[in-house]
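[1] requesting a structural model of the entry that follows:
(chains A and B)
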Amino acid sequence: ETGVTQTPRHLVMGMTNKKSLKCEQHLGHNAMYWYKQSAKKPLELMFVYSLEERVENNSVPSRFSPECPNSSHLFLHLHTLQPEDSALYLCASRPDSGANVLTFGAGSRLTVL
Amino acid sequence: QKEVEQNSGPLSVPEGAIASLNCTYSDRGSQSFFWYRQYSGKSPELIMSIYSNGDKEDGRFTAQLNKASQYVSLLIRDSQPSDSATYLCAVTRLLNQFYFGTGTSLTVIP
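    Now for the predicted structure:
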């Protein structure tokens, strides 16, 4: 596989469930991102993992928990979500050197009932 | 104040016309500027990047940057129905801080 792969593509969960989103990149990049995309809103940066730093958006609720075991894999653990968390969750990666450009995965469409 | 502002549209142009998309940003220290295209139900894909004042052309696409006015634009010449999508403007100052606008929806009418 090439590029940035996200699984699952679609997820429906209840507010009491625990689930995880997975992202894997095969581009040799060293920085990975989670973005939330809601209708009529800008992409919201949630978390960044890179060789230089880990960045957390302080406005992201603690019911979202990231995990980055290595430079190729990124997880977003979900726990006791709310209906307003329903959105498209996009993973992206960036090379450590060269063009400072993000490559996005196809996204995970999350619906919280 | 929003980091990046775009007119959400929708913008409609006839096939073959020039589509003009605009973006303003608030951080004068921004250094890199990008246009992404997002088809409905798909993820954003990079179509143009620009780093210095002036114009940058790539095929039918031209990005224009004016740092003094904090303004970035994208021109699409000879618009095609396949160009119908939402166009996202993104800017970054620090290495990991990418900020996106809400996007402009473009429809090219055959």
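[2] okay, now the unreliable bits of chain A?
    Applying pLDDT under 70 to chain A picks out residues A:1-2, A:98-99.
[3] what does chain B put close to chain A?
    Residues of chain B lying close to chain A by C-beta under 8 Å from any C-beta of the partner chain are B:2-4, B:8, B:32, B:34, B:42-46, B:49, B:88, B:90, B:92, B:95-103. Glycine gets a C-beta too; all of them are placed from N, C-alpha and C.
[4] now do the helices in chain B.
    Assigned helices in chain B: none (criterion: DSSP state H).
[5] can you tell me which residues in chain A are near chain B?
    A:31, A:33, A:35, A:40-43, A:45, A:48, A:50, A:52-53, A:55, A:90, A:94, A:99-107.
[6] tell me how far stretch A:67-76 is from the chain's mean position?
    Centroid separation for stretch A:67-76 versus its chain: 10 Å, with C-alpha atoms, centre = their mean, to the nearest Å.
[7] now residue 67: closest residue in space that isn't a chain neighbour?
    Picked chain A for this. A:Phe75 (4.3 Å; C-beta to C-beta, 6 or more residues apart in numbering or on different chains).
[8] let's do chain B instead
    Per C-beta to C-beta, 6+ apart, closest to B:Lys67 is B:Asn53, 5.5 Å.
[9] neighbours of that neighbour, just the number please.
    B:Asn53 is flanked by 11 other residues according to other C-beta atoms under 10 Å in any protein chain shown.
[10] which residues sit in contact with the residue nearest the centre of chain A?
    Among the residues of chain A, A:Trp34 comes closest to the average C-alpha position under C-alpha atoms, centre = their mean, at 2.9 Å. Listed by C-beta atoms under 8 Å, 6 or more residues apart in numbering or on different chains, the contact set of A:Trp34 reads A:23, A:45-47, A:66, A:74, A:76, A:89-91.
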